[in-house]
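Novice: Here is the input, now give the coordinates:
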Amino acid sequence: MDVYGLLGNPVGHSLSPPMHEAAYDELGLEARYVTFEPDEDDIDDAIRGADALGIAGLNVTIPFKQDALEIVAPEDLATRIGAVNTIDFSGSGPPTGYNTDAVGALRALRDHDVDLEGSRAVVVGAGGAGRAVSFGLADAGATVAIANRTESKAHALADEVSRATGHGLGGMQRLVADADVLVNATSVGMDSAETPVPADALHDELTVLDAVYTPIETRLLRDAAAAGATTIDGAWMLLYQGVEAFEIWTGRDAPVDVMNSALRSRL
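Specialist: Take a look at the predicted model:
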C-alpha cells in the first residue's frame, strides 16, 4: 500500500485527506492519505524520516513550505516561488519538491474558460499565495499588477516576476478598471464580511478568483457577481493544487469530479 500525507502544524482542519482518499477509492488504488504534525524545529527529520519509511508523497503546508525548499531538490517553479508544497519520493535521488499552488490557480482559471495569454491580471497580496499566483500568471502569458498593503513588498515581488509591476492598495480602482483577471491571494474575507477590493471597482468584463474558501462565497465574490463579473471560489484552487499533486505522485489522470465532490461536501 502506498502512503501519502500532509505535513504541517496544525493540520486538523485540512480538507486534503477526504479529497485524496476519494480519488484512491474511485481508481481502486491501494493507498491512504494521512496527516503528520511535527514540531516546527523537526521539519528536516520529518522529511528525511518519511523518505526512509517509504512514504510515497507529501503535501506541505504552513509553516513548512519555505523550510522544505532547503531539504528537497526543488523544480524550477518552486525555486522561483521560494516554497514547496508537494514532495515526490519516487525517484532514485533526493526527493523532488514542487509548488502546485501556482498550477492550482491556473487550472481553476482555465477550467472557467479564462484565456491568460496576453491578459491583464491584478493579484492582491505579496505573501506565499501571492508569490505562487503571480509567477503562475506571468508564466502563462499575463501581465501582472501586484497590489499589497505594504507597497515595498509588492515592488520586491514584481522585481522577481516577469511582466509585473508593484503597487499599494491605494491604486486599486485604476488597476482593476483595466484588468481582465483579479485574484485575491490574501486572507481578507476569511470568516468575515471584509473585502480587499471596493465593490465599485469591479466590472462585468472581469474574472475574479478568491483564494479564500471559508466562506465559499466571500463578500468579494458576491460583489463581483453583482457587477456581472465571472466568479471562481477558492475551493477550485484548493481542488486543483490537490489534483496536480495526485497526478505527480501517481502518474494517473485524477478523477477531478470525484475529488471536487468530496471537497465540497466538507465545506
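Novice: Could you use CA atoms for every contact and neighbour count after this?
Specialist: OK.
Novice: which SSE is A224 in?
Specialist: In this assignment (DSSP states H and E), A224 forms part of helix 219-226.
Novice: Indicate each strand paired with the following helix or strand past that helix and its parallel or antiparallel sense.
Specialist: Downstream of helix 219-226, the next assigned helix or strand under DSSP H and E is strand 230-232. The partner list of strand 230-232 in its sheet, established with DSSP bridges, is strand 207-210 (parallel).
Novice: Identify the residues contacting the closest residue to V212 other than its chain neighbours.
Specialist: Distance criterion CA to CA, 6 or more residues apart in numbering; nearest residue to V212, sequence neighbours excluded, is G234 at 4.9 Å. The neighbours of G234, taking CA atoms under 8 Å, 6 or more residues apart in numbering as the test, are 209-213, 216.
Novice: did I read that right, V183 in a helix?
Specialist: No. If the criterion is DSSP: H, G, I helix; E, B strand; the rest coil, then V183 is strand and not within a helix.
Novice: Looks like it contacts A129 (just checking).
Specialist: No. Counting by CA atoms under 8 Å, V183 sits too far from A129 to count as a contact (10.1 Å).
Novice: What is the burial count for Y4?
Specialist: 25 (other CA atoms under 10 Å).
Novice: So what are the sheet partners of the strand or helix carrying it and their directions?
Specialist: Using DSSP H and E, the element containing Y4 is strand 2-7. Pairing partners of strand 2-7, with direction, according to DSSP bridges: strand 31-36 (parallel), strand 57-60 (parallel).
Novice: What helices and strands are in contact with the helix or strand just after it?
Specialist: From strand 2-7 onward toward the C-terminus, using DSSP H and E, the following helix or strand is helix 16-27. Contacts defined by 3 or more CA pairs under 8 Å, 6 or more residues apart in numbering; DSSP states H and E place helix 16-27 against strand 31-36, helix 234-250, helix 256-264.
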